[in-house]
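A.B. asks: Structure of the sequence below:
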Amino acid sequence: MPIQITKLDSSQAGFHTALSALLAFEASTDEAIERSVAAILADVKARGDAAVLEYTNRFDRIPDGGAASMAAFDIGQAELDAALAGLPEAQRLALQTAAERIRLFHQRQKQELCGFSYTEADGTVLGQKITPLDRVGIYVPGGKAAYPSSVLMNAVPAKVAGVAEIIMVVPTPDGVKNQMVLAAAAIAGVTRVITIGGAQAVGALAHGTATIAPVDKIVGPGNAYVAAAKRRVFGIVGIDMIAGPSEILIICDGSTDPDWVAMDLFSQAEHDELAQAILLCPDADYIARVEASINKLLPTMPRQDTIRTSLTDRGALVKVRDMAEACAIANSIAAEHLEISADGPAAVGRPDPPRRRDVPRPLLVGVAGRLLLRPEPRAADLAHGALLVAAGRVRLPEALVGDFRQRGRRANAGQGGRRAGLRRGLAGARPQRRAAPEIERMIAAA
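C.D. replies: Next up is the predicted model:
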């Protein structure tokens, strides 16, 4: 059955109203989630390991009567190395390539943030010194699906920064361990892996227990319960952000293989039924080809039901007048992930912009160059969501990683865009409303 995805045209009357309606999201917080999370955090703070053990056994449905001690949740380095060695060569190469690209990017970031000092006229020395944190906690989802990309995107930058201890927590519903996630932890150099999740894992990282040392900062995506827990422990520890469902916005001039664009839309739509995937393109025929690719490829996706719901309810294929208008619309949306897929300067109908010394030449073309070199700040810049995509990129489709097929719908609140933070502040997490009777069994699912 063909997917019914929204199609908009910027030249039509009522376009901006329709776009605003598509972007609107109910941001009210489910009080039942907040009450449950508050109770779990208080219990973990009071009882430590005993509370974490109890909640994990119950909510993750650990087999054989559950774990007898917290030691059962630790995964040693030998098991991580074995997971890496046991992967098919293509998957191992994809993980290693992705990790290396992430490492190279953040090495440059580190060079730019090396600090400074200067001496005033009276001899006073002032400056800024940037030092790595001692210990960080990384939350990796493992409920409805598993995401090795979450491991790499959080652990590799911490490693580059020089963080001494990187503690990763990941739920394993029914005791199932995802080998790609474990392999990613081996590649990224994670210090310790503990198979716990949900609000109890956040509480353990924040407050510490007899077996888990408290961390300085907690980062990584999770569901509505994880987001609520991170919000409550903020101040006790640092956190990365509180965000809503995942978002991707693709600006394309029609020169890219439509199958690629369809897969990139899937890459975020698969995260959650509330995720949002939008394509902006001036070529109506190309948009039709992308729609055909979506319908062709969707049946091959392990998480096709989630993708279908996401694209039907919140996705869109948008016909714009030209690439300049696409940039303007992208700035107004300021999505979490911004992908630019354009074929050089001709895509915007103007010559190469002046070259800047600190920007590599391959990026100074077409739409990418215009976005990089414009002097004034825009919403998309503030969102820190720009992703410049080269034609030869190596893709690690999260849809192919695995699916634990947990019942119910999770908000996946930690995957999502900084647009939530820009428009709603820290209180703007976007958890999904859930009926109270379902809360207990969903608390720990990430």
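
A.B. asks: shaky segments in this protein?
C.D. replies: Segments of the chain classed as low confidence (criterion: pLDDT under 70) are 25-29, 112-113, 143-144, 244, 344-446.

A.B. asks: quick one, strands of it?
C.D. replies: Listed in chain order, the strands of the chain (DSSP state E) span 6-9, 74-75, 116-119, 125-128, 135-139, 165-169, 192-194, 217-219, 238-239, 247-252, 276-281, 316-319, 337-341, 386-388.

A.B. asks: would you turn these into a markdown table with mean neighbour count and distance to residue 23?
C.D. replies: In this view, the C-beta of every residue, glycine as well, is placed from N, C-alpha and C. As requested, these are arranged in a markdown table below (neighbours: other Cβ atoms under 10 Å; distance: least, Cβ to Cβ, whole Å):
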| stretch | mean neighbour count | distance to residue 23 |
| --- | --- | --- |
| strand 6-9 | 16 | 11 |
| strand 74-75 | 17 | 40 |
| strand 116-119 | 9 | 40 |
| strand 125-128 | 9 | 38 |
| strand 135-139 | 26 | 27 |
| strand 165-169 | 23 | 32 |
| strand 192-194 | 21 | 37 |
| strand 217-219 | 22 | 26 |
| strand 238-239 | 18 | 25 |
| strand 247-252 | 28 | 9 |
| strand 276-281 | 27 | 8 |
| strand 316-319 | 22 | 9 |
| strand 337-341 | 24 | 15 |
| strand 386-388 | 16 | 19 |
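
A.B. asks: Now render these as TSV, adding distance to residue 36.
C.D. replies: Converted to TSV, these look like this (distance: least, Cβ to Cβ, whole Å):
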stretch	distance to residue 36
strand 6-9	34
strand 74-75	26
strand 116-119	46
strand 125-128	41
strand 135-139	17
strand 165-169	19
strand 192-194	22
strand 217-219	19
strand 238-239	19
strand 247-252	26
strand 276-281	27
strand 316-319	34
strand 337-341	30
strand 386-388	35
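
A.B. asks: wait, what's in contact with the residue nearest to residue 75 when sequence neighbours are not counted?
C.D. replies: Nearest residue to residue 75, sequence neighbours excluded (Cβ to Cβ, 6 or more residues apart in numbering): residue 193, at 4.2 Å. Taking Cβ atoms under 8 Å, 6 or more residues apart in numbering as the definition of contact, the neighbours of residue 193 are 74, 75, 80, 168, 169, 170, 182, 185.

A.B. asks: One more pass at 7 Å, please.
C.D. replies: With contact taken as Cβ atoms under 7 Å, 6 or more residues apart in numbering, residue 193 is in contact with 75, 80, 168, 170, 185.

A.B. asks: hang on, the second one packs against residue 188?
C.D. replies: Read it as residue 80. No: under the criterion of Cβ atoms under 7 Å, residue 80 is not in contact with residue 188, lying 9.9 Å apart.

A.B. asks: out of the two, which sits in the more crowded spot?
C.D. replies: For the pair residue 80 and residue 188, the greater number of neighbours falls to residue 188 (25 against 22), based on other Cβ atoms under 10 Å.

A.B. asks: so how far is residue 198 from the more buried one?
C.D. replies: Applying Cβ to Cβ, to the nearest Å, the value for residue 188 to residue 198 is 22 Å.

A.B. asks: Can you give me the buried ones in the longest helix seen in the chain?
C.D. replies: Among the segments of the chain that qualify as a helix by DSSP state H, the longest is helix 89-112. Buried positions in helix 89-112, judged by neighbour count with 16 or more other Cβ atoms under 10 Å: 91, 92, 94, 95, 96, 98, 99, 102, 103, 106.
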